[in-house]
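[1] Sharing a model prediction with you, sequence too.
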Amino acid sequence: MHRFALLLAALLAGPALAGEPISPRFNADPSPHAFKGGYYLYATDDASNSGTYWDSTTWRLYTSKDLKTWKDGGAFLGVSVFKWAKPDAKAWAPEAAYRNGKYYFYAPVGGDKIGVAVADRPEGPFHDAIGAPLVDKARDANAGAEPIDPQVLIDDDGQAYMVFGTRVPKIVKLGADMKSLAGPIQDIAVTGFPSDDPKKKYGEAPFLHKRQGVYYFSFSTGWPGQIVYATSKSPMGPYAYRGVVLDYLKISTNHQAILQDKGKTWFFYHDALLPGGGSHRRSIAIEPLSYAPDGSILEVRPKPPTR
């Protein structure tokens, strides 16, 4: 049997293993969440792009009960939900959040805007929450070169923060309604990069999570890039560089997400894991994430896929 057919049969028959793609369909830029007693993973749909650029116009949803076996929920939303967006605008790395009985979807559109949609259920249907971009490069001060890759952290005190951006990381407080900005867009300062490694810098894919009172800021260092992290006692920073979470991959992008649930922590990423995969045809996989006694993150070393 052709090795792709073998892999497809394995994916459909049983749970996904560490280092294995969650689906036989190309997908990328994971945004995983524990919603309604299950797991919802929002993703960029690489299977519908041209194969030569990240130009898909829809987002994909995957669901699971156990983080092992995943169901493809289809293209649940497209850029057409935002009437202010161009019909062919690029649908890049998404994010979702839950608050006050509503589900919010943060969508980078066209590389220069971030929209926000809202729904009563995690799978939708979603509709445009405000009828305009939440962040707009042409409108908002300090939105940066590319306001993309949004990610939201709701802190213990109820304050929500959104990080985003390429080359210079950005952070902004969200209003209690989750669909407005509650302050100016600010730069995140990261200090302590190794002076002997000029490749250690912020590139894209910002992600905030909190553990034992410490804020962890992870991100990609570029194209290609490592996933590295820094820590702070404040969500606004400054952050001190701590080390590598995931080393370089054989593709041009590296994009992660971290899910904390039921006392465990999981690391989501994408790589070229399926036959025909590459920098524009990526696949999401999951690994456990562990910490040393001092709180430092232990580097994730994915097992090679069994193809």
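    Now that the structure is in, tell me what you want to look at.
[2] So, low pLDDT: which residues of this protein?
    Across the chain, the ranges flagged by pLDDT under 70 are 1-18, 305-307.
[3] can you map out the helices along it?
    Ranges of helices in the chain, per DSSP state H, are 3-13.
[4] Please name the nearest non-neighbouring residue to residue 260.
    Residue nearest to residue 260 in three dimensions, not counting chain neighbours: residue 209, with 6.4 Å by C-beta to C-beta, 6 or more residues apart in numbering. All C-beta atoms are positioned from the backbone trio N, CA, C, and that covers glycine.
[5] give me every residue that touches residue 44.
    Residue 44 sits next to 27-29, 54, 56, 59-60, 91-94 when contact means C-beta atoms under 8 Å, 6 or more residues apart in numbering.
[6] Can you give me the end-to-end span of stretch 228-244?
    4 Å (C-alpha to C-alpha, to the nearest Å).
[7] Could you list the buried residues of it?
    By neighbour count on 16 or more other C-beta atoms under 10 Å, the buried set for stretch 228-244 is 228-232, 235-237, 239, 242.
[8] Quickly list what residue 61 is bridged to.
    Note on residue 61: beta-bridge partners by DSSP bridges are residue 42.
[9] Against residue 41, how distant is it?
    Between residue 61 and residue 41 the computed distance is 7 Å (C-beta to C-beta, to the nearest Å).
[10] Tell me who's in contact with residue 210.
    Applying C-beta under 8 Å, 6+ apart, the residues contacting residue 210 are 153, 155-156, 216, 235.
[11] out of the residues you listed, which are buried?
    Neighbour counting over the contacts of residue 210 (16+ other C-beta under 10 Å) leaves 153, 216, 235 as the buried ones.
[12] Can you tell me which of these end up in strands?
    Mapping those onto strands (DSSP state E) picks out 153, 216.
[13] got JSON lines for the buried ones among the contacts of residue 210, with distance to residue 164 too?
    Listed next are these as JSON lines, based on distance: C-beta to C-beta, whole Å:
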{"residue": "153", "distance to residue 164": "12"}
{"residue": "216", "distance to residue 164": "17"}
{"residue": "235", "distance to residue 164": "14"}
